[in-house]
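>>> return atomic coordinates for the entry below.
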Amino acid sequence: MTILVTGATANIGRRVVDQLLGLGARDIRALTTDPDKAALPAGVEVAEGYLRRPETLPAAFSGVERMYLAPTPENVTDVLALARAAGVRYVVDLSGEPESWWGSVCVAVEDSGLAWTHLWPADFMENTLMWSHQIRETGTVREPRPEGASAPIAMDDIAAVAATALLSDAHRGRALSLAGPQILTRVDLVRHLADALGRDITFQRSSREESIAALTPTMGDGAAWYVDNVLYGYDPDPADLPITSVPDITGRPATTFVEWATGNISRFTAE
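Numbers count the residues shown, from 1 in each chain. A predicted model of the protein is given here:
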């Protein structure tokens, strides 16, 4: 059974490859735009291609039964049609609820006729790296809603769930809402980062414009979208956050934010 991992050198896809290997999978094919620079583990078959260039995909899909699908909302329908024509039967997709910014992915997957499992993760722990510049330069994080709470999840844990779903039929036809093990406010996140970095970091409630300006050095043109759609638009009820989802699905503990922060200190200190 050949499993194709798309986006195999991207943040989550690369981790899916590692998680599959850790679970004993052997017939893994990794889709990448540059095989010579991919540096994928030995034993992984490397296929050249790109989801946003569908003409590169038929050879990569050949002989594949199961696929991890990275989100490309703009052409996901075409990608899925090619996958089905090539014989792919089951897709584990990274997406979100139908009304979310990645919601068109899960809708297209369900419309494709393929068997599916959706992964709907909450806030990523890695998103706090957008604070790295202002932490280094000012020691202050500027955002509009210090009380905003979520249960951030580590990308490694999302990948572990993806690998588990790819190697089992237990989650077919299910949308797996995913979250980390703790409900944390934005102030809580800053406090944990300060402890991990061993320095004082303050949180300053800021206007929309101030928040965009503070995030632009790391997020570029995406800062305004993030402030408007996530910092103002994402306000989950803590009671609804699936904080046991990772151990429930994978059988292993989820990564805490303290563990993640401690393991990623250099990413906040390096220029």
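
>>> next, Phe203: phi, psi?
For Phe203, the backbone dihedrals (degrees, to the nearest 10) come out as phi -110, psi 130.

>>> sketch out the strands for the stretch 101-250 of the chain, chain order is fine.
Applying DSSP state E, counting those that start in this stretch to the stretch 101-250 of the chain gives strands spanning 115-121, 140-143, 149-150, 174-178, 184-185, 202-205.

>>> out of those strands, deepest packed?
Most buried of those, by mean neighbour count (mean count of other Cβ atoms under 10 Å): strand 115-121, with a mean of 22. Every residue, glycine included, has its C-beta placed from N, CA and C.

>>> what residues does it touch?
Strand 115-121 is contacted by residues 89-97, 100, 106, 109-110, 153, 158, 161-162, 165, 171-179 when judged by Cβ atoms under 8 Å, 6 or more residues apart in numbering.

>>> how does it look with 6 Å?
90-96, 106, 109, 153, 158, 165, 171-172, 174-178 (Cβ atoms under 6 Å, 6 or more residues apart in numbering).

>>> what average pLDDT does it get?
Strand 115-121 comes out with an average pLDDT of 97.

>>> walk me through the domains of the protein.
Partitioning the chain according to the TED database yields domains covering residues 3-121, 125-152+181-239+253-267.

>>> can you redo the ones you listed as a markdown table with distance to Pro247?
Shown next, in a markdown table, are the domains of the chain (distance: least, Cβ to Cβ, whole Å):
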| stretch | distance to Pro247 |
| --- | --- |
| domain 3-121 | 15 |
| domain 125-152+181-239+253-267 | 6 |
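
>>> deepest-packed of those, please.
By mean neighbour count, with neighbours taken as mean count of other Cβ under 10 Å, domain 3-121 ranks first of those at a mean of 19.
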